[in-house]
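A.B. asks: build the 3D model from these lines:
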Amino acid sequence: MRIFRKKPFLIAGIGVNFFDIAQREEISDMEAAKMMVLEAKRCGVDAVKFHSFKADTLASKNSPAYWDLSEEPTTSQYELFKKYDKFGKEEYRELAEYCRELDIMFLSTPFDFESVDYLDEFMDIFPVSSSDLTNIPFIKYIASKNKPMLLTTGGATINEIRQAVRTIEDVSTVDIAIIHSISSYPTDYVDANLLMIKDLLESFPDYEIGYSDHTKPDLNMFVLTTAYSFGADIIMKHFTLDKSLPGNEHYHAMDPNDVLVFRSNVSFLSKLLGMRNKQPLICESSARRHARRSIVADKDIKKGEKITFGMLTFKRPGTGITPAKIDDVIGKTALEDIAEDTLIDFDMLE
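C.D. replies: Next up is the predicted model:
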């Protein structure tokens, strides 16, 4: 069963980017978060996704960085997360209510058990971080909430994904979406491996498949468009209002203009895709009649002559007898004189 009726379903990962926007705009963190939600809604995003965590429960104090230090110089995971763990239950509840007012879906990825519990009060779908794919006790706890789950699979093997899916299905019958992702920030284009989307479609045919992107947005949004064309019906990408801001998630995020480009691509792609089953179209009617060939007299044929292959050729238009029926013509007798270059008709033969 599908989790989302619309496809592609576009999720803008605001994450903690609103804290930096607040500093830039000299407004409160909540005002910045709501500003980003509003801009996401205006440009055509279907859902916004935040991160719910506390540094003390997420990373040990000696956890090293795994991101591009030239873009985000903080060398400790703990120190970076500590800068952005200001929001909790009441702040995210307020954001969830604001999203309902705007008719845009609210999501937040939980990174601890407490976050799971409070998000369950006002969130309908649980995203699961790639970093928690093998955190089996945590996945089992989320599944116990009996809500659909978006399982992101960066850095995962097929067997690890299967184990996570089995863990969920052992305790719940919720719908599961499996999201291809590459846990490299940013992801080089050569490492995007969008063909893995097709592998997931083949390996998990009964599940909705998506893609979470960490490449730097290309001008034409080919990465996301290709992912969708390959079968990723759920598209996730970090979202910002200013790619030039320092930090780990602005420089490889999409902005409102990127969303508009992607939506335009999808609209054009939907025109191109059309029907799946091969069949002639109305627009091809003229070509079928006039550009195909018919059986034509290659010489003058006298009344009473028996038709042989050497008397015939095949020319346009296709309004006469199709060459596919040549065997139905050879051996027949001409009922009248047939001039050279005449389209043969069965009424001329017996």
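
A.B. asks: what sits against residue 89?
C.D. replies: residue 118 (CB atoms under 8 Å, 6 or more residues apart in numbering). The way it works is simple: take the backbone N, C-alpha and C, and place the C-beta from them, glycine included.

A.B. asks: distance check, it against residue 117.
C.D. replies: 9 Å (CB to CB, to the nearest Å).

A.B. asks: find the least confident helix or strand in this structure, judged by mean pLDDT.
C.D. replies: helix 55-58 (a mean of 66; mean pLDDT, DSSP states H and E).

A.B. asks: any idea how many residues pack against the residue nearest to residue 52 when sequence neighbours are not counted?
C.D. replies: Spatial nearest neighbour of residue 52, chain neighbours left out: residue 115 (3.8 Å); criterion: CB to CB, 6 or more residues apart in numbering. Using other CB atoms under 10 Å, residue 115 has 22 neighbouring residues.

A.B. asks: ok, now how distant is the residue of the chain most remote from its centre from residue 298?
C.D. replies: The outermost residue of the chain relative to its centre, with distances by CA atoms, centre = their mean, is residue 304 at 66.5 Å. Distance, residue 304 to residue 298, using CB to CB: 18 Å.

A.B. asks: and if you look at residue 342?
C.D. replies: Taken as CB to CB, the span from residue 342 to residue 298 is 10 Å.

A.B. asks: same question, residue 340
C.D. replies: Counting by CB to CB - residue 340 and residue 298 are separated by 7 Å.

A.B. asks: repeat that for residue 166.
C.D. replies: The gap separating residue 166 from residue 298 is 70 Å, by CB to CB.

A.B. asks: before we move on, what about residue 150?
C.D. replies: Counting by CB to CB - residue 150 and residue 298 are separated by 67 Å.

A.B. asks: check residue 231 too.
C.D. replies: On the measure of CB to CB, residue 231 and residue 298 end up 51 Å apart.

A.B. asks: between the two, point out the one with more neighbours.
C.D. replies: residue 231 (18 against 15).

A.B. asks: how about the nearest residue to that one, chain neighbours excluded?
C.D. replies: residue 201 (5.0 Å).

A.B. asks: which parts of the host helix or strand of the one you found are buried?
C.D. replies: Secondary structure assignment for residue 201, by DSSP states H and E: helix 195-203. By 16 or more other CB atoms under 10 Å, the buried positions in helix 195-203 come out as 196-197, 200-201.

A.B. asks: could you report the neighbour count for residue 219?
C.D. replies: Residues near residue 219, counting by other CB under 10 Å: 8.

A.B. asks: skipping adjacent residues, who's closest to it in space?
C.D. replies: Closest to residue 219 by CB to CB, 6+ apart is residue 261, at 7.7 Å.

A.B. asks: contact partners for the one you found?
C.D. replies: Residue 261 neighbours (CB under 8 Å, 6+ apart): 219-221.

A.B. asks: in three-state terms, label it for me.
C.D. replies: Secondary structure, DSSP: H, G, I helix; E, B strand; the rest coil: residue 261 is helix.

A.B. asks: could I get the contacts of residue 261 as JSON lines with secondary structure?
C.D. replies: Below are the contacts of residue 261 laid out as JSON lines (three-state DSSP):
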{"residue": "219", "secondary structure": "coil"}
{"residue": "220", "secondary structure": "coil"}
{"residue": "221", "secondary structure": "coil"}
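
A.B. asks: what's the closest of those to residue 287?
C.D. replies: residue 220 (31.9 Å; CB to CB).

A.B. asks: show me the helices in the chain, by range?
C.D. replies: Ranges of helices in the chain, per DSSP state H, are 17-25, 29-43, 55-58, 77-83, 89-102, 113-119, 136-143, 158-171, 195-203, 222-229, 256-273, 285-290.

A.B. asks: neighbours of the closest residue to residue 49 other than its chain neighbours, how many?
C.D. replies: Closest residue to residue 49 apart from its sequence neighbours, by CB to CB, 6+ apart: residue 107 at 4.2 Å. Residue 107 sits with 22 neighbouring residues when counted by other CB under 10 Å.

A.B. asks: residue 107 is in contact with residue 123, isn't it?
C.D. replies: Yes. Residue 107 lies in contact with residue 123 (CB atoms under 8 Å); the separation is 6.5 Å.

A.B. asks: phi and psi next, for the residue farthest from the centre of the chain.
C.D. replies: phi 90, psi -10 (degrees, to the nearest 10).

A.B. asks: what sits against the closest residue to residue 298 other than its chain neighbours?
C.D. replies: Spatial nearest neighbour of residue 298, excluding adjacent residues (CB to CB, 6+ apart): residue 313 at 4.1 Å. Residues in contact with residue 313 (CB under 8 Å, 6+ apart) are 295-298.

A.B. asks: quick one: which of the residues you listed is nearest residue 333?
C.D. replies: Nearest to residue 333, judged by CB to CB, of the contacts of residue 313 is residue 297 at 14.1 Å.

A.B. asks: quick check: that closest one touching residue 314?
C.D. replies: No. With contact defined as CB under 8 Å, residue 297 and residue 314 do not form a contacting pair (11.2 Å).

A.B. asks: those two: who's more crowded?
C.D. replies: Between residue 297 and residue 314, residue 297 has the larger neighbour count (other CB under 10 Å), namely 20 against 16.

A.B. asks: local confidence estimate at that one?
C.D. replies: Per-residue confidence (pLDDT) for residue 297: 97.

A.B. asks: kind regards, and thank you for your time.
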